[in-house]
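Visitor: Give me the fold of what follows.
(one chain, ligands or ions: 1)
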Amino acid sequence: MSDIALLPQVEAFLRRPHALFIDGDYLASEGSQTLDVINPATGQVIAQVSDATCDDIDAAVASSRRGFKQWSQTAPAVRGHVLLKLADLLERHREELAQIETCQSGKIIQISRAFEVDQAAHFLRYYAGWATKIGGETLTPSLPSFAGERYTAFTLREPVGVVVGIVPWNFSTMIAIWKLASALVTGCSVIIKPSEFTPLTILRIAELAIEAGLPAGALNVLTGGGQVGKGLIEHPGTDKVSFTGSVPTGLAVGQAAMGAGLTRATLELGGKNAAGFLKDVDPDVAVNGIIEAGFLHSGQICAAAERFFVHRTQLEPIMDKLARRLGQFKIGSPLDESTTFGPVANRPHQQKLGECFAKARAQGSTIVHGGHLIDRPGCYVEPTIILAHRRDAALLHEETFGPVATFFPYDSEEELLELMNDTPYGLSASLWTNDLSKALRMVPAIAAGTVWVNMHTLLDPAVPFGGSQSSGLGREFGSAFIDDYTELKSVMIRY
Ligand code: NAD
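Guide: Below you'll find the model as predicted:
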């Protein structure tokens with residue numbers, strides 16, 4: 001097959017000069033610096049965006065403060081309605097948004113449609129439902145009455161203020177939607193700082209948000225590099241940062257937030273997630289599970305598994321079957337609907353994966369399948385299976401964030417748990433078995449924010465998600481996000 005034709009509106013959008021989105025419209029940057037947006041499937045520059053300056057940051061924050069004043073006073077039902085309307089608009093512009101996303105990130109078009117648009121709309125609708133359900137409690141104070149007086153108390157949930165949402169490149173639309181929906185539904189205003197590699201789709205979504213009825217200033221989008229995110233966190237006019245990205249950047253963000261006068265921080269970081277296969281698992285089920293856990297979107301998913309622990313007796317059959325399946329992947333253009341495996345998202349990431357392969361070889365690990373960059377235009381990498389021979393092998397400890405499954409055998413279930421927990425991180429993990437009773441006994445022993453059983457990677461807006469240990473602070477989704485986007489005010493009354 002061949003590439004689908006880009007819609008005329010996508011061609012036109014890519015050709016436009018891209019300004020910053022401030023106060024409900026595009027505003028030219030105060031500076032002249034721009035950043036190239038490169039299609040990782042071809043290596044070609046497809047657009048240029050502004051690299052926001054300090055003056056632009058000031059303008060966006062001033063607009064967001066005005067936006068906060070208005071939006072926080074908007075009735076909850078209206079806030080929910082605007083988010084529902086935005087979800088409808090995402091679906092109405094499904095193909096346009098999916099194509100823009102695929103051009104900037106290299107994500108295969110089916111994943112852009114299903115996750116970046118359909119799932120994003122699903123999450124938006126889930127958050128919209130919370131608009132009318134966020135409230136406080138009525139409390140009975142514990143103080144004794146000294147002279148016949150009485151006490152009562154209640155709590156209020158108040159929006160924290162101006163939120164800075166800093167987004168990585170792997171799911172640039174869906175993660176931006178998680179952040180803007182959490183902020184807007186609680187009555188906060190929000191400034192999204194997309195990744196410098198994937199800044200385009202959110203600019204188009206900001207236009208749709210205005211069409212959905214969002215007031216100017218409730219959502220601003222500032223494009224640029226890491227210094228723009230840092231400038232926003234350190235700005236005295238912002239109140240909270242919600243960051244998703246790598247562990248080293250997350251640590252810098254957390255420190256900057258504390259240094260900026262205890263700016264609230266939610267940190268969704270990476271890690272080195274494990275999948276443990278108990279001895280009873282059918283090898284075919286295991287192989288499907290490994291593909292779901294490690295190779296969806298070329299492994300560029302924070303929750304994806306990178307360490308695979310298999311009982312020693314099953315190691316060879318599972319790796320053989322997996323290698324055969326990876327060999328059947330159709331590697332090609334992400335705009336070709338028959339492609340099942342596209343490029344990784346950018347050149348630095350491709351190079352980093354090349355270094356991971358070199359390190360694995362240097363340490364004596366066996367490359368069972370793949371293990372090379374692909375020699376063609378764009379940023380392609382082979383889907384790879386590595387067998388580590390030492391527990392301290394680098395690829396059992398360092399995040400690759402790519403299509404690289406590293407295997408290690410175990411003999412006993414105690415050893416399996418030890419191996420799974422041998423990491424300072426704790427974002428996600430999965431156990432695969434037909435013995436649910438055994439799985440439920442093992443779950444509490446696994447250090448991770450999410451533990452899946454017989455599944456991996458799929459996130460649901462109703463189920464809280466976030467990292468334990470060095471994988472982050474705070475939770476998104478469920479009702480858990482409300483704590484992070486609101487201040488709890490206590491009111492006590494004597495009568
Ligand atoms: P990154 O940390 O390099 O960048 C993330 C964002 O932070 C970008 O927008 C970047 O411009 C910005 N940034 C960089 N330096 C900054 C600074 N000093 N202050 C403020 N902002 C700064 O991450 P990435 O390479 O874009 O994304 C991949 C990483 O994201 C992986 O480690 C992955 O595990 C992680 N991730 C985590 C989750 C999660 O929910 N836990 C989800 C997706 C990705």
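
Visitor: Going by C-alpha atoms from here, please, whenever you check contacts or count neighbours.
Guide: Fine.

Visitor: quick one, what contacts Phe171?
Guide: Taking Cα atoms under 8 Å, 6 or more residues apart in numbering, we find Phe171 in contact with Glu116, Ile301.

Visitor: State the pLDDT value of it.
Guide: pLDDT, Phe171: 98.

Visitor: What of Met1?
Guide: Listed pLDDT for Met1 reads 75.

Visitor: That one against Ser338, yeah?
Guide: Yes - in this structure, Met1 is within contact of Ser338 by Cα atoms under 8 Å, at 6.5 Å.

Visitor: Same drill for those two, tell me which one is more crowded.
Guide: Ser338 (17 against 7; other Cα atoms under 10 Å).

Visitor: a helix runs through that one, doesn't it?
Guide: No - the assignment for Ser338, made by DSSP: H, G, I helix; E, B strand; the rest coil, is coil rather than a helix.

Visitor: And it, how close does it get to the ligand?
Guide: Using Cα to the nearest ligand atom, to the nearest Å, Ser338 is found at 26 Å from the ligand.

Visitor: contacting residues for that residue?
Guide: Counting by Cα under 8 Å, 6+ apart, Ser338 has contacts Met1, Lys330.

Visitor: Now with 7 Å, please.
Guide: Met1 (Cα atoms under 7 Å, 6 or more residues apart in numbering).

Visitor: how near is it to Ile108?
Guide: Plainly put, Ser338 is 9 Å away from Ile108 if you go by Cα to Cα, to the nearest Å.

Visitor: host element of the residue most central in space within the chain?
Guide: Nearest residue to the geometric centre of the chain (Cα atoms, centre = their mean): Ile175, 4.6 Å. Per DSSP states H and E: Ile175 is located in helix 172-185.

Visitor: Please apply the same query to Leu232.
Guide: For Leu232, the host element (DSSP H and E) is helix 226-234.

Visitor: Show me what that helix is packed up against.
Guide: Contacts defined by 3 or more Cα pairs under 7 Å, 6 or more residues apart in numbering; DSSP states H and E place helix 226-234 against strand 162-166, helix 247-259.

Visitor: Quick one: work out the angle between that helix and helix 247-259.
Guide: Put simply, helix 226-234 runs at 30 degrees to helix 247-259, going by axes from the mean of the first three to the mean of the last three Cα atoms, to 10 degrees.

Visitor: So for helix 226-234, what gets flagged as buried?
Guide: Residues of helix 226-234 classed as buried: Gly226, Val228, Gly229, Gly231, Leu232, Ile233, Glu234 (neighbour count, 16 or more other Cα atoms under 10 Å).

Visitor: Let me see the mean pLDDT of that helix.
Guide: 98.

Visitor: Now do that helix and strand 162-166, the angle between them.
Guide: Relative orientation of helix 226-234 and strand 162-166, computed by the same axes, to 10 degrees: 150 degrees.

Visitor: can you tell me if helix 226-234 touches the ligand.
Guide: Yes - judged by Cα under 6 Å from any ligand atom, helix 226-234 comes into contact with the ligand at Gly226, Gln227, Gly229, Lys230.

Visitor: Might you calculate how far that helix sits from the centre of the chain?
Guide: 19 Å (Cα atoms, centre = their mean, to the nearest Å).

Visitor: Then stretch 29-41?
Guide: Distance, centroid of stretch 29-41 to centroid of chain: 22 Å (Cα atoms, centre = their mean).

Visitor: is the helix holding Ile175 anywhere near the ligand?
Guide: No - using Cα under 6 Å from any ligand atom, helix 172-185 stays clear of the ligand, coming no nearer than 7.3 Å.

Visitor: now stretch 34-54
Guide: No - taking Cα under 6 Å from any ligand atom as the criterion, stretch 34-54 and the ligand are apart, separated by no less than 10.7 Å.

Visitor: end-to-end on that stretch?
Guide: 14 Å.

Visitor: Mind listing residues that contact that stretch?
Guide: Under Cα under 7 Å, 6+ apart, the answer for stretch 34-54 is 14-15, 17-20, 29-31, 33, 103-106, 197, 222-225, 228, 333, 343-346, 377-379.

Visitor: What about the nearest residue to Trp71 once chain neighbours are set aside, how many residues nearby?
Guide: Take Trp71 and drop its neighbours on the chain: the residue closest to it by Cα to Cα, 6 or more residues apart in numbering is Gly187, 5.9 Å away. Look at Gly187: counted by other Cα under 10 Å, it has 29 neighbours.

Visitor: cool, the one 5 residues further on as well?
Guide: Here the number of neighbours of Ile192 (other Cα under 10 Å) works out to 28.

Visitor: Over to the one 10 residues further on?
Guide: Using other Cα under 10 Å, Ile202 has 25 other residues around it.

Visitor: how about Thr155, phi and psi?
Guide: phi -120, psi 150 (degrees, to the nearest 10).

Visitor: isn't it right up against Ile134?
Guide: No - applying Cα atoms under 7 Å as the test, Thr155 and Ile134 come out as separate, 11.4 Å apart.

Visitor: any idea whether the residue of the stretch 251-400 of the chain found nearest the ligand is helix, strand or coil?
Guide: Closest contact between the stretch 251-400 of the chain and the ligand, by Cα to the nearest ligand atom, is at Gly270 (3.0 Å). Under the three-state scheme (three-state DSSP), Gly270 adopts coil.

Visitor: contacting residues around it?
Guide: Gly245, Ser246, Val247, Cys302, Leu427, Ser471.

Visitor: from memory the last one sits against Ser428, does it?
Guide: This points to Ser471. No - using Cα under 7 Å, Ser471 is not in contact with Ser428; the gap is 9.2 Å.

Visitor: Glu149: neighbouring residues, count only.
Guide: 9.

Visitor: Count the neighbours of Ala12 for me.
Guide: For Ala12, using other Cα under 10 Å, the count is 10.

Visitor: which element is it on?
Guide: Ala12 belongs to helix 8-15, assigned by DSSP H and E.

Visitor: What residues does the stretch 301-450 of the chain have near the ligand?
Guide: Ile301, Cys302.

Visitor: which residues of the stretch 301-450 of the chain fall in helices?
Guide: 315-327, 347-362, 413-420, 436-442 (DSSP state H, counting those that start in this stretch).

Visitor: Repeat that for the stretch 101-250 of the chain.
Guide: 109-111, 120-130, 172-185, 200-211, 226-234, 247-259.
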